[in-house]
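Asks: A predicted structure for the sequence below; I have some questions about it.
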Amino acid sequence: MKPKFNVKQLTLLAMLVAVLLLMSFTPLGYLNIGPLAITFNVIPVAIAALALGPAGGLIAGSVFGLTSFLQCLGIGGLSPLGSILFGINPFFAILLCFIPRMLDGFLLGYIFRIVGRLNRPAACFVTGFCAAFFNTLGFMSLLLLLFGRTDYMQGLINGQNILIFACLFVGLNAIFEMLSSTLITGAVGSVLCRARLVPEAANDKDKED
């Protein structure tokens, strides 16, 4: 992975970060339903990853994590679950905000790179699906790992099987996120590929290494 961007790539990254910030601090990025929220912020992260590789995905994922952390504090909107978890353990809440989003963006760059060797348009849709899937999987895994034994989470789990609880907790939110991320990322990514804004190096290993 070579995190070196040309002017065109830096411009695209700046635009995606701007879109991500706009979505994070307006109703465009979140649809709050109960303690969780349907988030569309994985979409700019996925587009950054497919267009700019793992480094671009990591940067966008870090910005996503930062906005999630700020919303735990009520800045740019309030995350009900985030604020509760921050009150329980601020350090763990910070880890929960950043780690799943950063790993998501980083891994998406490699997923597009691998699948893109076979079919670039299909790789855009696969990357979009994985963006929402990995974000949900990473968030729930870390949530249960860090907060699973707290009184708050034990009250929500209420003696259920952990896997059943996790599926019920994310519910239709996760399905809607995966569907929207797959379709929008796939469509936008395909356009970027046709416009040659996704370099071949973004989906192939650097041959010069």
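Replies: Received it, and whenever you're ready, just let me know what you need. Nothing here was measured: the structure is a model prediction, and the numbers come from that model. Residues are numbered from 1 along each chain as shown.
Asks: Just read off the phi/psi values of Thr39.
Replies: Main-chain torsions, Thr39, degrees, to the nearest 10: phi -110, psi 140.
Asks: Oops, could you answer that again for Asn119 instead?
Replies: phi -160, psi 110.
Asks: same check, this time on the one 10 residues further on
Replies: Summarising the backbone geometry of Phe129 under the convention degrees, to the nearest 10, its torsions are phi -60, psi -50.
Asks: try Gly148
Replies: The phi and psi values for Gly148, taken as degrees, to the nearest 10, are phi -60, psi -30.
Asks: since we're on it, how many residues are nearby?
Replies: Per other C-beta atoms under 10 Å, the neighbour tally for Gly148 reads 14. In this view, the C-beta of every residue, glycine as well, is placed from N, C-alpha and C.
Asks: now Gly53
Replies: 27.
Asks: which ones are touching the spatially closest residue to it that is not a sequence neighbour?
Replies: Among residues not flanking Gly53 along the chain, Gly109 sits closest, at 4.4 Å (C-beta to C-beta, 6 or more residues apart in numbering). Neighbouring residues of Gly109 by C-beta atoms under 8 Å, 6 or more residues apart in numbering: 1, 49-50, 52-58, 202.
Asks: Dump these into JSON lines; add secondary structure, pLDDT and distance to Ile162 as well.
Replies: Formatted as JSON lines, these follow (DSSP: H, G, I helix; E, B strand; the rest coil; pLDDT from 0 to 100; distance: C-beta to C-beta, whole Å):
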{"residue": "Met1", "secondary structure": "coil", "pLDDT": "50", "distance to Ile162": "34"}
{"residue": "Ala49", "secondary structure": "helix", "pLDDT": "96", "distance to Ile162": "29"}
{"residue": "Leu50", "secondary structure": "helix", "pLDDT": "93", "distance to Ile162": "33"}
{"residue": "Leu52", "secondary structure": "helix", "pLDDT": "93", "distance to Ile162": "36"}
{"residue": "Gly53", "secondary structure": "helix", "pLDDT": "93", "distance to Ile162": "35"}
{"residue": "Pro54", "secondary structure": "helix", "pLDDT": "95", "distance to Ile162": "31"}
{"residue": "Ala55", "secondary structure": "helix", "pLDDT": "95", "distance to Ile162": "34"}
{"residue": "Gly56", "secondary structure": "helix", "pLDDT": "95", "distance to Ile162": "34"}
{"residue": "Gly57", "secondary structure": "helix", "pLDDT": "96", "distance to Ile162": "29"}
{"residue": "Leu58", "secondary structure": "helix", "pLDDT": "97", "distance to Ile162": "29"}
{"residue": "Ala202", "secondary structure": "helix", "pLDDT": "42", "distance to Ile162": "37"}
